[in-house]
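Enquirer: quick one, what's the 3D model for this:
(4 chains)
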2 protein chains.
Amino acid sequence: MPVAQTEMPRHLQAQLADRGVRLTEQRRAILQVIETAKRHLDAGCILHLARRVNAAMARSTVYRTLHLLKHHGLIDELDLLHLEGECHYYERELEKEHIHMACLRCGKITEFVSELFHTLKNQLRRDCQYHLVVARLELGGYCSECRH
Amino acid sequence: MPVAQTEMPRHLQAQLADRGVRLTEQRRAILQVIETAKRHLDAGCILHLARRVNAAMARSTVYRTLHLLKHHGLIDELDLLHLEGECHYYERELEKEHIHMACLRCGKITEFVSELFHTLKNQLRRDCQYHLVVARLELGGYCSECRH
DNA sequence: TTAAGTGCAAATATTTTGCTGTCAC
DNA sequence: GTGACAGCAAAATATTTGCACTTAA
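Expert: Residues are numbered from 1 along each chain as shown, chains lettered A, B, ... in the order given. Predicted coordinates:
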């Protein structure tokens, strides 16, 4: 019996193309940076990394592209409790939505997947009278190495 | 049989005094603004309202006092999904921790209390290996008037 | 008395915008 | 070919800091 298929993660590039969004060299560079990121990146980091691919990249192009991706729901914007300045961090939207826990001393970020968070979101979606679009749960505390 | 008493909400002023924090005219004005707030205030609003009490109040005093209160755990800092610029909003820390739901179109903020959120926090506290200090859940979507 | 707090102005950090030239489709 | 996009520089927004003066305890 065929099972309902959840949307497979595909290249951001393909997802944008599907939506008729114009693909420029600059956008491709930024998408590549986001897809291959090994940690949470802010706009400045994305610019820095994207310039390795396209040296002339303007800072405003990064901001405009992040805005585009966010409004298409392809990336999530995080604050990570503003541990380092006030910038935002970006990561690819994934099926298994996760919770970010930041260490208030060393800045380490740990990600959790929680079935109960999923249940909570469903309950809120049912009860809150809103058409729920984003749910951001960010935690702060002290990690095992930093707490005394 | 006496029941364990949860800490009653008291004047922020008294809580600061307990901690040996110096009380100035400026701090008292800011505390009063926060305690009597009827909506979520950002630093600019707090400055504006505090100047009704103390006309010479400097913007930097507001920021320094908010920092102080936040580090004493007496207020919570919210982002409300950055609906209006990038500023932060502040509210008094209350026993019944609540969730903020922001309408992405009209900007209305609705607050929820959820038993399940409380349970989730307890589960995370137990499982996450961190000493949990803050948990911020912010939701975005479209309210009943704004969704089509 | 004196360490801590304040006001002011300047600095910093992050993000947005106007405009002109360029490129993807 | 043309409407959307990029680069650049300047503006806007939010917050922090250095320093000299003032004040709470």
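
Enquirer: whichever strand in chain A runs longest and chain B in contact?
Expert: Longest strand of chain A, by residue count under DSSP state E: strand A:131-142. Yes - applying C-beta under 8 Å from any C-beta of the partner chain, one finds strand A:131-142 touching chain B at A:His131, A:Leu132, A:Val133, A:Val134, A:Ala135, A:Arg136, A:Leu137, A:Glu138, A:Leu139, A:Gly140, A:Gly141, A:Tyr142. Yep, even glycine has a C-beta here, placed from its N, CA and C like the rest.

Enquirer: any idea what the most centrally placed residue in chain A is bridged to?
Expert: Per C-alpha atoms, centre = their mean, the C-alpha nearest to the average position across chain A is that of A:Glu91, at 2.4 Å. For A:Glu91, the beta-bridge partners are A:Asp76 (DSSP bridges).

Enquirer: residues contacting it?
Expert: Counting by C-beta atoms under 8 Å, 6 or more residues apart in numbering or on different chains, A:Glu91 touches A:Ile34, A:Ala37, A:His40, A:Leu41, A:Ile75, A:Asp76, A:Leu78.

Enquirer: which ones among those residues map onto strands?
Expert: Using DSSP E, the subset of those located in strands is A:Leu41, A:Ile75, A:Asp76, A:Leu78.

Enquirer: strands of chain A, residue ranges please.
Expert: A:41-42, A:75-78, A:89-92, A:99-103, A:109-112, A:131-142.

Enquirer: out of the ones you listed, which one sits most buried?
Expert: strand A:99-103 (a mean of 22; mean count of other C-beta atoms under 10 Å in any protein chain shown).

Enquirer: list the pairing partners of the longest strand of chain A within its sheet, with orientation.
Expert: Strand A:131-142 has the following strand partners under DSSP bridges: strand A:99-103 (parallel), strand B:131-142 (antiparallel).

Enquirer: switch the ones you listed over to TSV; also include distance to A:His118.
Expert: Shown next, in TSV, are these (distance: least, C-beta to C-beta, whole Å):
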stretch	distance to A:His118
strand A:99-103	10
strand B:131-142	13
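
Enquirer: so which of those gets nearest DNA strand D?
Expert: Closest to DNA strand D of the strands paired with strand A:131-142, according to C-beta to the nearest atom of the strand: strand B:131-142, at 14.6 Å.

Enquirer: need the contact partners of that closest one.
Expert: A:81, A:101, A:104, A:124, A:128, A:130-142, A:147, B:73, B:76, B:78-81, B:97, B:99-105, B:117, B:121, B:124-125, B:147.

Enquirer: quick one: check it for contact with DNA strand D.
Expert: No - judged by C-beta under 7 Å from any atom of the strand, strand B:131-142 stays clear of DNA strand D, getting no closer than 14.6 Å.

Enquirer: quick one: average confidence on that strand?
Expert: Across strand B:131-142, the average pLDDT comes to 94.

Enquirer: how far off centre is that strand?
Expert: Chain-centre distance of strand B:131-142: 12 Å, with C-alpha atoms, centre = their mean, to the nearest Å.

Enquirer: same question for stretch A:24-31.
Expert: In terms of C-alpha atoms, centre = their mean, the centre of stretch A:24-31 is set 17 Å apart from its chain centre.

Enquirer: swap in stretch A:53-63?
Expert: Distance, stretch centre to chain centre, for stretch A:53-63: 19 Å (C-alpha atoms, centre = their mean).

Enquirer: same check on stretch A:118-130?
Expert: Relative to the centre of its chain, stretch A:118-130 is centred 21 Å away, using C-alpha atoms, centre = their mean.

Enquirer: what does that stretch contact?
Expert: The contact list for stretch A:118-130 (C-beta under 8 Å, 6+ apart) reads A:97, A:132, A:135, B:99, B:101, B:103, B:110, B:112, B:114, B:116-117, B:120, B:139, B:141-144, B:147.
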